[in-house]
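Undergrad: Provide a 3D model corresponding to the input given below.
(2 chains)
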2 protein chains.
Amino acid sequence: MLQDQMLLRIPGPSPIPPSVQRAMSRPMIGHRGQETSNMLKNIAPGLQRIFGTTQDVVILTGSGTAGLEAAVVNIVKPGDEVLVIVTGAFGERFSKICEAYNITVQSLNVEWGEALNPLEIKHYLQEHPEIKAVFSTYCETSTGVLNPIKELAQAVREVSDALIVVDGVSCVGGVETRMDDWGIDVLVTGSQKAFMLPAGLAFIAASERAWTIIENNPQPRYYMDLVRYRDNLLKDTTPFTPALSLLFGLEQVLQLVDQEGVEQVNARHILMMNMTRAAFRALGIPLLTSDKDASPTVSAVKPEDFDAEAFRKVIKHEFGLIVAGGQQHLSGKIFRIGHMGYCSPADVLQTISAMEIGLLKVGKEIELGKGTAAAQQVYLNEGVLV
Amino acid sequence: MLQDQMLLRIPGPSPIPPSVQRAMSRPMIGHRGQETSNMLKNIAPGLQRIFGTTQDVVILTGSGTAGLEAAVVNIVKPGDEVLVIVTGAFGERFSKICEAYNITVQSLNVEWGEALNPLEIKHYLQEHPEIKAVFSTYCETSTGVLNPIKELAQAVREVSDALIVVDGVSCVGGVETRMDDWGIDVLVTGSQKAFMLPAGLAFIAASERAWTIIENNPQPRYYMDLVRYRDNLLKDTTPFTPALSLLFGLEQVLQLVDQEGVEQVNARHILMMNMTRAAFRALGIPLLTSDKDASPTVSAVKPEDFDAEAFRKVIKHEFGLIVAGGQQHLSGKIFRIGHMGYCSPADVLQTISAMEIGLLKVGKEIELGKGTAAAQQVYLNEGVLV
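TA: Just a heads-up that it's a prediction; the model follows:
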């Protein structure tokens, strides 16, 4: 097999564009110098555009989970009651973080593979006025569901003053996000998914009313104190030494996004989702989620008559093509294809055409090229991207 | 369109593997130090394996053409008569170099798109005993023809003492090459094709009897004097400062080739050729060359009912997919797909599936997925590569 080729199609970490890789290998600089300040100044508007906010988007050096924890420790305190909407493995993470801080968690569990129902949340909150914050996930990476965050925020605000906290890790940067317009209070994402960077940065923004709560929250915190980040950002600096190489890369990512255009980036992700889904539909292989609930960044496939793990092994072995398996009770039952960030419609065609060979190799009877043709047809119908 | 993605499928320069790119960005070293000597020692057996020779393979810093010129100035001198077999644009280059040095050139022109006929050369040499050297091209990049060099060398040796000089630039490293067994006297190739490197290095080996002629050739030369290179190589050094970054890369390339295995590398190239040809055949689009004459590294396609240049423009615009046009009288009439070096069967599937969309966009009526399916079928029938 051709050495040194990996077709990384997991739902993050995602591939890094060559120009971003080059940017990240720039010589190191001092984090208190003018060059770093200029870079932070350069980065700010691009992040705000992707978040759909005029608020500051602060940058934490840490995993996405550090960002989620920062959201928790800044907006709630022990004794507070919160609602966590669990639509999959990453919804559960919010619960675990809250529980670690002795926050009282009420959970609303949604069948894995389905999206949350805003109306249900609305009714729940009407009956539970004690809820201080609602935690939810925009894209549930473990199932490929995109939750209706706009409708959720609207429903919550109609009946409650609870803050709306959204984990956007596996989609923000690839799907439409209008934090201000939709009324999201805290939005968190990470660098290793649609942002086309290695893991290591978390991006967080908060609404005006969230900042008021953050500023007055007695919950002890230091590294994750968002106030420090915002106060420093206003002076074009950071409270602690940031991962400068990742910032070099981020600056370049934002330039690429600007060149393509945020709306075009989002349209490309929808196109890639539609191509992928059309392919599996044409091949007669079930998708885990409905069209309405599907995420533009990751597709979960639920085979009925072949082994998902054997299939993953074959395509890795034959083509260096890596897709993800299922998590927890979906382990072994689904596989998940990432199509986000540095991924093009031509990459989707490659993924599907290679997978068709893999399907035959694990004994699934399909007509070669049929899934590819369906994806090509979607491209021809929708693909005015240039 | 996704920024910063280019699918480079011209017949060279070809894409660079990431580990080779990393190797080339190693910090600079002195060219007279032990590290460089060790590197040259490391490189030697890998090059010999690819060339199929026990002779020294010398490394010139220069384009492939510098290697071709070195072959000329080292083995012939003004007044000598040589035969140049011209099967395309790169065959002609040998003629032009010889003419620049006042060598008397006899040309044997073969229809572009066809391979040379060893029997014809044999008869020609029987009638022209004055010929001192026969210049030919292994892969004719401009047409995608692989000339039968083994049979040529055998035919020449049966009737003549003329040296057999072969331009292997666009195939050596990707196709079977047995310089010693076949009786090739001088073999030249470059770094930017099947060798997975940027342009800038030429590799040259000579047979025992060629070295005798080289050593006694009064033709003035300095930078291109192969004797200097061989004498220095015996001391693990080079006569002039070499392109050290390219040597860092070459060392890594040879490691990748060793990991895959030379025979597996060659088998992969044949597989990629067969996949590509099956695809166009299934789509009803003519290939320029016959199956017998086709090169494993580059395929030339000759459209009858759509515009090759419009097609190239569309696939570049839609997918960043770059293929080459035709040269000289084939300009505008063919397009050429490189499938060599850092290129996998999955890359071929991507190229074909993206091209199918491009074909429809330029008005060629095809059934979507049909070419892809044909290529997939070839992979399933032949593709035991791992």
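
Undergrad: quick one: contacts for A:F248?
TA: Listed by CB atoms under 8 Å, 6 or more residues apart in numbering or on different chains, the contact set of A:F248 reads A:A23, A:M24, A:R26, A:M39. Every C-beta, even on glycine, is put in place using the N, C-alpha and C of the backbone.

Undergrad: In ChimeraX, select just the buried ones from the residues you listed.
TA: Here is the ChimeraX selection string for the buried members of those, based on 16 or more other CB atoms under 10 Å in any protein chain shown:
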select /A:23,24,39
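
Undergrad: and the contacts of A:F248, which of them are in helices?
TA: Secondary structure from DSSP state H places A:A23, A:M24, A:M39 of the contacts of A:F248 in helices.

Undergrad: And the residues you listed, which is closest to chain B?
TA: Comparing the ones in helices among the contacts of A:F248 against chain B with CB to the nearest CB places A:A23 closest, at 10.8 Å.

Undergrad: Up against chain B, what does the stretch 201-350 of chain A have?
TA: For the stretch 201-350 of chain A, the contact set with chain B under CB under 8 Å from any CB of the partner chain comprises A:256, A:259-260, A:264, A:268, A:317-321, A:342-347, A:349-350.

Undergrad: Try it again at 10 Å.
TA: Contacts of the stretch 201-350 of chain A with chain B, taken as CB under 10 Å from any CB of the partner chain, map to A:252-253, A:255-260, A:264-265, A:268, A:272, A:279, A:282, A:315, A:317-321, A:341-350.

Undergrad: hmm, which of the residues you listed are the buried ones?
TA: Using 16+ other CB under 10 Å, the buried ones in those are A:252-253, A:255-257, A:260, A:264-265, A:268, A:272, A:279, A:282, A:315, A:318-321, A:341-350.

Undergrad: pLDDT score for the residue lying closest to A:G67 once chain neighbours are set aside?
TA: The shortest distance from A:G67 to any non-neighbouring residue, by CB to CB, 6 or more residues apart in numbering or on different chains, is to A:A202 (2.9 Å). A:A202 carries a pLDDT score of 97 in this model.

Undergrad: swap in the one 3 residues further on?
TA: On the pLDDT scale, A:A205 is placed at 98.

Undergrad: Look up which helix or strand it falls in, please.
TA: strand A:201-206 (DSSP states H and E).

Undergrad: Alpha carbons only: can I get whichever helix or strand comes after that strand in CSV?
TA: As assigned by DSSP H and E, the chain's next helix or strand after strand A:201-206 is helix A:208-215. Extracted in CSV, the C-alpha atoms of helix A:208-215 (Å, rounded to 0.1, in the frame of the first residue of the first chain):
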residue,chain,number,x,y,z
GLU,A,208,-24.4,40.5,27.9
ARG,A,209,-26.7,38.9,30.6
ALA,A,210,-24.3,35.9,30.9
TRP,A,211,-21.4,38.3,31.5
THR,A,212,-23.3,39.9,34.4
ILE,A,213,-23.8,36.5,36.0
ILE,A,214,-20.2,35.5,35.3
GLU,A,215,-18.8,38.7,36.9
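
Undergrad: which residues are contacting helix A:208-215?
TA: A:54-56, A:70-71, A:73-77, A:132-133, A:161, A:163-165, A:180, A:183-187, A:205-207, A:225-227, A:230 (CB atoms under 10 Å, 6 or more residues apart in numbering or on different chains).

Undergrad: Among the residues you listed, name the ones in strands.
TA: Taking DSSP state E, the ones among the contacts of helix A:208-215 that sit in strands are A:K132, A:A133, A:L163, A:I164, A:V165, A:V186, A:L187, A:A205, A:A206.
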